[in-house]
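Visitor: Could you work out the structure for the sequence below:
(2 chains)
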Amino acid sequence: MPFLTEHRLVADDLAAEVAAADRGATVTFVGVVRDHHAGRAVQRLDYSAYPQMAESECEAIVAEARRRWPVAVALRHRVGQLAIGDAAVAIVVAAAHRDVAFEACRFVIDEVKRRVPIWKKEYYADGSVAWVDPTAVGGTVPAKAPDA
Amino acid sequence: MPPAKSITVTVRFLARYAEVVGREALSVTASAPATVESVLSQLGAVLPSAGALPPKPLCARNFRQVRGNEPLLDGDELALLPPMAGG
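Guide: Residues are numbered from 1 along each chain as shown, chains lettered A, B, ... in the order given. So this is what the prediction gives:
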C-alpha cells in the first residue's frame, strides 16, 4: 500500500488495517490543514513530494517504529491540492497497551516531518503564495503565483 | 575495463528549487571521480539560474539523503531537496 495518496484520508480506514484482538490501544494522529500560518490567512495548500524517496522514507519510519515498539502502524500522507480542514497526514498505531502506542505515534509523526521529502505551498487570502520552509525567517519563502 | 573518465547524472530539482531554476531535471556530465559537491559546483556553468540555489542544499543520491562528500556514479540521480515541510 503506498504511503502517498491523492485521495481523502479516513482515519477509521487506517484503524481497520491495524486492528487485532490482542491490540487494546489505538492512537490516532491526524494533521489537518489550518486556516492560518505565521499570522496570515491561508485559503488552501498544495502538497508535493519526491515520490520514490518519500515512499521509501515512510516505509523505513514504519519499520523502525515496529522494531522499537511492539506496534502495528498505518501511515498515509496526502499530495495535491488540499482545502482548509482536510487531513494532510494520518497515523494510526495499535498496540497491546497505550504507553507504547502513544510513544510510537509521536515518533512516526516527528520522523515524517523531519525526513520525508514533502513540501507545501500556501495560498493566502491576499492572493500571495509561499512555500513553507521551517528553516526560513517567518517560516515561509515567497513562491511564484500559479499563473506566473 | 579502465575506469570512466566522466559520468553523467540526472540532477533533479524539487518543489521550490524547481521554481527557482525553471526546470525539474537536468542531465549533467562531470569528470570522474565525482561527488555531490563536485557536481553541485559545476551546476552554475550549465544552468545559470542554479546560482540562486543555496550553496549546500539537502541532497539525495538515488532516493537516500547523503552528505556532500558522497561519491556519485554514472547514471545516478542527484536530487536537491528544500527543507522538508510535510505533515
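
Visitor: give me the beta-bridge partners of the residue nearest to the spatial centre of chain A?
Guide: Compute the mean C-alpha point of chain A, and by CA atoms, centre = their mean the closest residue is A:V89, 2.8 Å away. Following DSSP bridges, A:V89 is listed with bridge partners A:G31, A:H77.

Visitor: What pLDDT is listed against it?
Guide: At A:V89, the model reports a pLDDT of 98.

Visitor: Relative to A:Y47, how far out is A:R106?
Guide: 22 Å (CB to CB, to the nearest Å). For glycine as for every other residue, the C-beta is placed from the backbone atoms N, C-alpha and C.

Visitor: Comparing these two, which residue is more hemmed in?
Guide: Taking neighbours as other CB atoms under 10 Å in any protein chain shown, A:R106 and A:Y47 compare with A:Y47 leading, 25 against 14.

Visitor: Just give the number of residues close to the closest residue to chain B within chain A.
Guide: Proximity of chain A to chain B (CB to the nearest CB) peaks at A:I118, 3.1 Å away. By other CB under 10 Å, 27 other residues sit near A:I118.

Visitor: same thing with B:P48?
Guide: B:P48: 10 neighbours (other CB under 10 Å).

Visitor: A:A136 now?
Guide: Neighbours of A:A136 (other CB under 10 Å): 14.

Visitor: how about it, what does it touch?
Guide: B:P83 (CB atoms under 8 Å, 6 or more residues apart in numbering or on different chains).

Visitor: which SS state does B:P54 fall under?
Guide: coil (DSSP: H, G, I helix; E, B strand; the rest coil).

Visitor: and what of A:L45?
Guide: strand.

Visitor: Surely it touches A:Y123?
Guide: Yes: judged on CB atoms under 8 Å, A:L45 makes contact with A:Y123 at a distance of 7.1 Å.

Visitor: and residue 33, what does it touch?
Guide: Picking chain A for this. A:V42, A:R44, A:L45, A:L82, A:A83, A:I84, A:G85, A:D86, A:A88.

Visitor: hmm, I had chain B in mind actually
Guide: Contact partners of B:P33, counting by CB under 8 Å, 6+ apart, are B:P71.

Visitor: Could you tell me the per-residue confidence at it?
Guide: Taking B:P33 on its own, its pLDDT is 95.
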